[in-house]
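**Student:** Sequence below, structure please.
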Amino acid sequence: MTRTDTPPLVSTAWLAEHAGDPDVVVLQVDEEAARYYEGHVPGALLVSWLDDLHAPVQRGYLDAIAVADLLGALGVSPDTHVVALGDAHNTYAACAFWLLRYYGHRRLSLVDGGTRAWVAEGRPLSSDDEGPRPRVTYPVPAADAEVRATRDDILERFVGEQPGTALLDCRTPIEYEGRGATGVDLPVERHRVPGHVPGARNLNSVDVLDEETHRFLPVDVLQGMFAERGVRGDVEVALYCRLAERSSLLWFALHELLGHRRARNYDGGWAEYGSLMDVPVER
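**Tutor:** Next comes the predicted model:
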């Protein structure tokens, strides 16, 4: 039976102590694979957010068959404890966490503060290619629709502050207000309509982290941030950014740290919504 007693958030000290455990697989998840070779946690395996977690042809994340193949190639079985960390405020690692949670892998943890916290503490980095673990057979998983929002969900249930729901835009205030964008123009996010989904409240993803350490702020502070934006225990929440990496970080804070089990990550994000025909947009 798959164990479920795994803490969703672990410290760098925990990682240093347990990285060599036989049932632990550490994944360094960054936007670009080059970051891994510049330096990674010793023993961590490479996962490229762009190349490994996205479908090779169609727009979107991996399907269940591809996830099973990826995990099997990484030597991950259904009972393996997968621990993720990365750069960019840990957003790409949080996205990997969400994707694996969506496909039902239960033993998952995110390292608080990610690579930044690890380096700031003077912990060692390696530039070696760790090489693959022995391949295993990972059964094709079933998706958990309760943690994902589709564009139809957004249009039917969340646009316009519908009763019993809350919608969070996890981008920067500039993006939310429709005055610009951040980041590079990636092939997976071709859109050009600025603004936000009507009824969405803005909570910049980096605001839930300590500015220096990139660790999550205390739980009571997080609760206050979400409450100010209409997120209560009795409402269903959808979160979005451009490509689901920043919204994954806030989904993690809400779903895993605060225990809000009615939180959904809209993985289509503004890259999808902002390019749809005949949908309402606010600025």
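**Student:** Show residues contacting the longest strand belonging to the chain.
**Tutor:** The residue-count maximum for a strand in the chain (DSSP state E) belongs to strand 24-30. Residues outside strand 24-30 that contact it (Cβ atoms under 8 Å, 6 or more residues apart in numbering) are 15, 18-19, 35-36, 40-41, 43-49, 53, 74-76, 80-88, 92-93, 95-96, 115, 133. For every residue, glycine as well, the C-beta is placed using N, CA and C.
**Student:** Return a ChimeraX selection command for the buried portion of these.
**Tutor:** Listed next is the ChimeraX selection for buried residues among those, using 16 or more other Cβ atoms under 10 Å:
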select :15,35,36,40,41,44,45,46,47,48,49,53,74,76,80,81,82,83,84,85,86,87,88,92,93,95,96,115
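**Student:** coming back round to it: rounded mean pLDDT for the longest strand of the chain, please.
**Tutor:** For strand 24-30, the mean pLDDT works out to 96.
**Student:** what distance separates it from the middle of the whole chain?
**Tutor:** Centroid separation between strand 24-30 and its chain, computed with Cα atoms, centre = their mean, to the nearest Å, is 13 Å.
**Student:** do stretch 91-100 as well
**Tutor:** For stretch 91-100, the distance to the chain centre is 3 Å (Cα atoms, centre = their mean).
**Student:** Which parts of the stretch 1-150 of the chain are strands?
**Tutor:** Assigned by DSSP state E, counting those that start in this stretch, the strands in the stretch 1-150 of the chain fall at 9-10, 24-30, 45-48, 81-85, 108-111, 148-149.
**Student:** how about those, which one is nearest residue 217?
**Tutor:** With Cβ to Cβ as the measure, strand 9-10 is the member of the strands of the stretch 1-150 of the chain nearest residue 217 (12.3 Å).
**Student:** sec struct for residue 227, please.
**Tutor:** helix (DSSP: H, G, I helix; E, B strand; the rest coil).
**Student:** same deal with the one 5 residues further on?
**Tutor:** Remark: residue 232 carries the secondary structure label coil [criterion: three-state DSSP].
**Student:** what does the one 5 residues further on give?
**Tutor:** The three-state label given to residue 237 by three-state DSSP is strand.
**Student:** residues touching it, list them.
**Tutor:** 165-168, 231, 254, 260, 262-264.
**Student:** And it, how far from residue 154?
**Tutor:** Computed as Cβ to Cβ, to the nearest Å, the residue 237 to residue 154 distance reads 12 Å.
**Student:** and what of residue 63?
**Tutor:** 21 Å.
**Student:** shared neighbours of residue 237 and residue 154, anything?
**Tutor:** residue 167.
**Student:** Which one of the strands of the stretch 1-150 of the chain lies nearest to residue 280?
**Tutor:** Per Cβ to Cβ, nearest to residue 280 of those: strand 148-149, 16.7 Å.
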